[in-house]
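Trainee: Fold the following for me, if possible:
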Amino acid sequence: MQQARPNPCALAERGRRARRRPGTALANAVKLRSKHYIIIASGDALPAGMAAQTKQANGTVTSLLGEAGLAMATSDDPNFATKAAKIPGVRTVINDCLFQAFDARQERTAALPASHQTGVANPTGNPFLPFQWGLTAIQAPAAWRTGAQGADVVVADLDTGFDLTHPDLQPNIISSASFVMLPGQDQDAQYRGLGSSHGTHTAGTIAAADNSIGVIGVAPKAKLMLLKVLGDAGEGSFSWVINGIIYAADHNADVINMSLVASLPRNGKYLDEQGNTINNTKATQELLVALSKATSYATKRGVTIIASAGNEGNDGNKDQSWVRIPADATGVISISATGPMGWAKSPNTCDLDRFASYSNYGTPAVSFAAPGGDYAYSNFTEVTTMAGFYGYTWAMDMVLSTDINGGYTWLAGTSMAAPHASGVAALIIGKNGGHMDPAQVEAILRASADDLGKPGRDPYYGYGRINAYKAVTQGQKGAVAGM
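Mentor: Prediction:
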């Protein structure tokens, strides 16, 4: 099939966007919500009668997560936090916050027509597998040949809305829900935004079905629980994320994938809802406590939690100005990104494990690395033919996955790396008979990862770049020996 040649004007705009690190301008975009609060228990559970006691403090409970030791509340009383903090058994009351996990309008994207025919034979029959260099990097096809495909494992993907009718996702979707409370956004998980769908993309990387259509996911037989915790433009609230985590844990998820990051300032300088700078020295600590209560609740119920490390190119060893949520929360496995440069020109020799130009790094900020793609190829006007597709060389260094309207798009980020790792976690759990302790899953990931960079744990690759084949073959033996 003859492919349309790239549009030079569109190329110039995409090139300008690609030179910017995603998320750089978003680090300060955390706003405390004046009338929305998170109530944090001093113990593992909330005290009895929380709703009634909150009402006495002039507040209304909107979400009661008793066993996690958390509640959400609203109040018009400016002194509500002080009053509610005096309730026996309450540690503190903190303002909820809004954050911009990413700006969906500024995502670097390139589309692959769903109708494209590669003319390249591949063992799965899924036509776009030749473009999925990330699966090659982690040896996913070899893992599938052992019989490990994530059957019956439930992965909860917490993200923006999703294309719930996408033919590559629909066979594996078992449920969906939305926790987003934004004016004008319908209260379901369907994506209705502009541009590409971040959530649809991450879901496809995890578990696009093996159905001879389009792409294939790392765990093509895993089941998807699609939970909308971000608005379609990438904006989120801590309360939405917390509710999504608890929901996933209470509805038998085995893995949670969170391709999202909020950067909380350690110096306590936040914004209010009008954009004015305010000082709240305890907000960062207490918001981390709140998220950690939610993640601890989930891990105690057997959920392996994986999150992206962030895209600011930040060296966490030197610059400790920020707390990355949820990556820094208790029990969360944090993933940095790798990506080739010029892969389409030399697919058989290109280094697939090159550390991505934008990825955050540091010890202990990074647990593992996984394919996230890159857009740093210097020649933004160069085009290459790959598997019959005539397109930009830089675009094909990114990760190809599902998108809205049954389409397919290349994106790059640690957001794309995390679902590769979540898919491997699903393969591990499925291979070992189902529900597993998260500590055991992480031990297998460690035992099977390819140790890149400096020997042992290093700031870039953590314990190594994940390897699906080793994880479902030698990983179990190594993990048991090392525990």
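Trainee: Name the residues linked to Ile173 by a beta bridge.
Mentor: Ile173 has the following beta-bridge partners by DSSP bridges: Leu224.
Trainee: need the helices for the stretch 251-400 of the chain, in chain order.
Mentor: Using DSSP state H, counting those that start in this stretch, the helices of the stretch 251-400 of the chain run over 283-300.
Trainee: ranges for the strands of the stretch 151-300 of the chain?
Mentor: Along the stretch 151-300 of the chain, counting by DSSP state E, counting those that start in this stretch, strands occupy 154-159, 173-178, 223-228, 235-237, 255-258, 262-265, 269-271, 277-279.
Trainee: tell me the most buried of the ones you listed?
Mentor: Sort the strands of the stretch 151-300 of the chain by mean neighbour count, taking mean count of other Cβ atoms under 10 Å, and strand 255-258 sits at the top with a mean of 32. C-beta coordinates here come from the backbone N, C-alpha and C atoms, glycine included.
Trainee: Output the contacting helices and strands for that strand.
Mentor: Using 3 or more Cβ pairs under 8 Å, 6 or more residues apart in numbering; DSSP states H and E, the elements in contact with strand 255-258 are strand 154-159, helix 238-250, strand 304-308, helix 414-431.
Trainee: which residues are in contact with the third one?
Mentor: Translated: strand 304-308. Strand 304-308 is contacted by residues 245, 254-261, 295, 298-299, 326-327, 329, 331-335, 337, 413-415, 417-418, 421-422, 425, 429, 436, 438, 441-442 when judged by Cβ atoms under 8 Å, 6 or more residues apart in numbering.
Trainee: Residue nearest the middle of the chain, spatially speaking?
Mentor: Centroid check for the chain by Cα atoms, centre = their mean gives Ser259 as the closest residue, at 1.3 Å.
Trainee: so where's the stretch 351-483 of the chain shaky on pLDDT?
Mentor: 475-483 (pLDDT under 70).
Trainee: Next: the stretch 101-250 of the chain.
Mentor: 105-106.
Trainee: Let me see the ranges of the helices in it.
Mentor: Counting by DSSP H, counting those that start in this stretch, the helices of the stretch 101-250 of the chain are 133-137, 140-145, 198-207, 238-250.
Trainee: Dump the last one to PDB, keeping only the CA atoms.
Mentor: Output for helix 238-250, consisting of C-alpha atoms alone and laid out as PDB, is shown next (Å, rounded to 0.1, in the frame of the first residue of the first chain):
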ATOM      1  CA  PHE A 238      -4.800  12.800  44.500                       C
ATOM      2  CA  SER A 239      -8.200  11.700  45.600                       C
ATOM      3  CA  TRP A 240      -9.000  10.200  42.200                       C
ATOM      4  CA  VAL A 241      -5.800   8.300  42.100                       C
ATOM      5  CA  ILE A 242      -6.200   7.000  45.700                       C
ATOM      6  CA  ASN A 243      -9.800   5.900  45.000                       C
ATOM      7  CA  GLY A 244      -8.600   4.100  41.900                       C
ATOM      8  CA  ILE A 245      -5.900   2.200  43.800                       C
ATOM      9  CA  ILE A 246      -8.300   1.100  46.500                       C
ATOM     10  CA  TYR A 247     -10.900   0.100  43.900                       C
ATOM     11  CA  ALA A 248      -8.400  -2.000  42.000                       C
ATOM     12  CA  ALA A 249      -7.300  -3.700  45.300                       C
ATOM     13  CA  ASP A 250     -10.900  -4.400  46.300                       C
END
